[in-house]
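Chemist: the sequence and its predicted three-dimensional model are supplied below.
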Amino acid sequence: MATIYDDVLYSKSEAFFEALCVESETGEIDEAKEAELNQLQLQIAQEGMEKLCKVRANKMAYIEALREEEKRIADKRHIAENALSRFESYIQSVLHASGQPKIQAGTFTIGTRKSVAVVVDDAFCNPEYIKVEYAPDKIKLKNDLKAGKEIDGAHLVERESLAIK
């Protein structure tokens, strides 16, 4: 597989042969021609490296463009997610306004499910409910709160989530 450096080398090959510095009759090296050959090799190396650096710069620009595109797409996704959330809130408000727990709309059944979540206040520090360092055991808290136990810094909140099937 030919590389950019090879392309430069082959384009300069004629000059290489002209610059060869070995005397055919004596086999000795002509120092002037050797210096010319060294200069030509340096020129080829510099031109090859310049092309390689340009390819590197193009690859870096491409990577930066991909990063920017990822950010642009992520921003668009966040906008779409927020729009969906607002739309689902609207559907939920229409459902509540109807006064019905469920509505059949074509092939969709729209309703809500009730769930109970534990909200742990910032001041909560009851070690009985800590399962990992500084993390409360919400399952144990929920069960004890449901059983009627009073626990400082924690309480139950009833939530409603939208279910579309």
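Modeler: Now that the structure is in, tell me what you want to look at.

Chemist: please make it C-alpha for all contacts and neighbour counts, starting now.
Modeler: Will do.

Chemist: burial count for the closest residue in space to Cys125 that isn't next to it in sequence?
Modeler: In space, and not counting its chain neighbours, Cys125 is closest to Gly153: 7.6 Å by C-alpha to C-alpha, 6 or more residues apart in numbering. Each residue near Gly153 was counted by other C-alpha atoms under 10 Å, and the total is 13.

Chemist: check the gap between Gly153 and His96 for me.
Modeler: Separation of Gly153 from His96 (C-alpha to C-alpha, to the nearest Å): 32 Å.

Chemist: before we move on, what about Pro136?
Modeler: Separation of Pro136 from His96 (C-alpha to C-alpha) stands at 34 Å.

Chemist: now Asn38
Modeler: Taking C-alpha to C-alpha as the measure, Asn38 falls 86 Å from His96.

Chemist: geometrically speaking, which residue is the centre of this protein?
Modeler: By C-alpha atoms, centre = their mean, the chain has its centre lying nearest to Glu70, at 6.9 Å.

Chemist: so what does the host helix or strand of Ile44 touch, helix or strand wise?
Modeler: In this assignment (DSSP states H and E), Ile44 forms part of helix 31-98. On a contact count with 3 or more C-alpha pairs under 8 Å, 6 or more residues apart in numbering; DSSP states H and E, helix 31-98 meets helix 4-11, helix 13-19.

Chemist: so where is the protein shaky, pLDDT-wise?
Modeler: 1-30, 33-34, 132-133, 162-165 (pLDDT under 70).

Chemist: let's see it at 80
Modeler: Applying pLDDT under 80 to the chain flags the ranges 1-41, 44-45, 125, 127, 130-135, 161-165.

Chemist: just the element for Val119, please.
Modeler: Applying DSSP H and E as the criterion places Val119 in strand 108-120.

Chemist: all set now, cheers.
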